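Enquirer: coords please:
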Amino acid sequence: MKVIEVREPPTPPMAEVEFYWKSLWGDKAQHNGRVEQIRREERRKIGNMGWVPIQIIAITSFLSKAHNWKSPGSDQIKNYWLEAFPTAHSHITKNFSVVMDEPHKVPDWLTTGVAYLLPKSGDSKEIRNYQPITCLTTVYKALTGIIARRRF
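Expert: Sure thing, here's the model as predicted:
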């Protein structure tokens, strides 16, 4: 029997990874407020968008088309389980409506993701040779998927 040895490539230390990405994303962006387009949008009066509450049919429709075993975020709930328990759909609908009506009530867990660094190419010791991806919660993906499919 032949033994196959698998070696993990050396990866950068976590402290270096955090420092690198924080330097790119950690600082608040500064925008030039004197740009005419920004001033025009600030003067524009935007009325109520006429939000229609999310219905159970939107959730069942989204889940029927979602990939059952897609990577979940920190909630560790796969789409399969949301679809498999239709008794939860009315509770999800109610909570989605609360989130849309009162965005300040969005729980932290809904928008918290798990970030992974995927190697691109080149030297695996170099931080710049990794691409971060974030797996967000399945419930978040369902909510944003339903909003994206809406016709306003």
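Enquirer: for the helix or strand hosting H91, packing partners?
Expert: Using DSSP states H and E, the element containing H91 is helix 89-101. Counting contacts by 3 or more C-beta pairs under 8 Å, 6 or more residues apart in numbering; DSSP states H and E, helix 89-101 packs against helix 56-65, helix 138-149. Placement of C-beta: from N, CA and C, glycine included.
Enquirer: Nearest to G33, out of the ones you listed?
Expert: Distance to G33, taken as C-beta to C-beta, is lowest for helix 138-149 among these, at 29.0 Å.
Enquirer: Using PDB, write out every CA atom in the closest one.
Expert: This file holds the C-alpha atoms of helix 138-149, laid out as PDB (Å, rounded to 0.1, in the frame of the first residue of the first chain):
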ATOM      1  CA  THR A 138     -28.400  31.500   6.000                       C
ATOM      2  CA  VAL A 139     -31.200  33.600   7.400                       C
ATOM      3  CA  TYR A 140     -29.400  36.800   6.200                       C
ATOM      4  CA  LYS A 141     -28.900  35.300   2.700                       C
ATOM      5  CA  ALA A 142     -32.700  34.400   2.700                       C
ATOM      6  CA  LEU A 143     -33.700  38.000   3.700                       C
ATOM      7  CA  THR A 144     -31.400  39.700   1.100                       C
ATOM      8  CA  GLY A 145     -32.400  37.200  -1.600                       C
ATOM      9  CA  ILE A 146     -36.100  38.000  -1.000                       C
ATOM     10  CA  ILE A 147     -35.400  41.700  -1.100                       C
ATOM     11  CA  ALA A 148     -33.300  41.300  -4.300                       C
ATOM     12  CA  ARG A 149     -36.200  39.500  -6.100                       C
END
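Enquirer: Neighbours of the nearest residue to L110 once chain neighbours are set aside, how many?
Expert: Closest residue to L110 apart from its sequence neighbours, by C-beta to C-beta, 6 or more residues apart in numbering: Y140 at 5.3 Å. By other C-beta atoms under 10 Å, the residues close to Y140 number 19.
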